[in-house]
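[1] Need coordinates for the following:
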Amino acid sequence: MLLDTTRFGTIEIEDDRLITFPNGLLGFSSYKQFVMFEQNDESYFWWLQSVEAPDLAFVVTDPSMFVPTYRVPMKQDQMQELGLESFDNAQVLVIVNKHDNTLTGNLQGPLIVNV
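    Sure, this is the predicted structure:
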């Protein structure tokens, strides 16, 4: 699929990279389809780009790379909603924010993706 973005121009993304958040993201509930891609192969950060809005993208990371003890408590009904049989099939991500010269990850609002 060809995807128009304001940050990277038109990029080509494999169709199987489409991630659907049925309820959208907090504060962005009307945007439900995203793709995730790396800007380069040696980064700990990825872009979560909206398919529906070329100017909507978030920097995300795997929080366990920075906080090895970080765990997301999930209830059985939440796992069922995501179609997860096991938490081993989940990818946990957090949105990265920049405050002055410091990067922070939103550990209180993780994104769980069924891989």
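
[2] Following the chain onward from the worst-scoring helix or strand of the chain on mean pLDDT, which element is next?
    One helix or strand of the chain scores below all others by mean pLDDT, DSSP states H and E: helix 76-81, with a mean of 89. Using DSSP states H and E, the helix or strand that follows helix 76-81 in sequence is strand 90-99.

[3] buried sites along that following strand?
    For strand 90-99, a neighbour-count test (16 or more other CB atoms under 10 Å) marks 90, 92-96 as buried. No exception for glycine: its C-beta is placed from N, CA and C like everyone else's.

[4] List of residues touching it?
    For strand 90-99, the external contacting residues (CB atoms under 8 Å, 6 or more residues apart in numbering) are 36, 45-46, 48, 58-64, 70, 72, 74, 82, 84, 103-107, 109-115.

[5] So what's the residue count around residue 8?
    Using other CB atoms under 10 Å, residue 8 is surrounded by 14 other residues.
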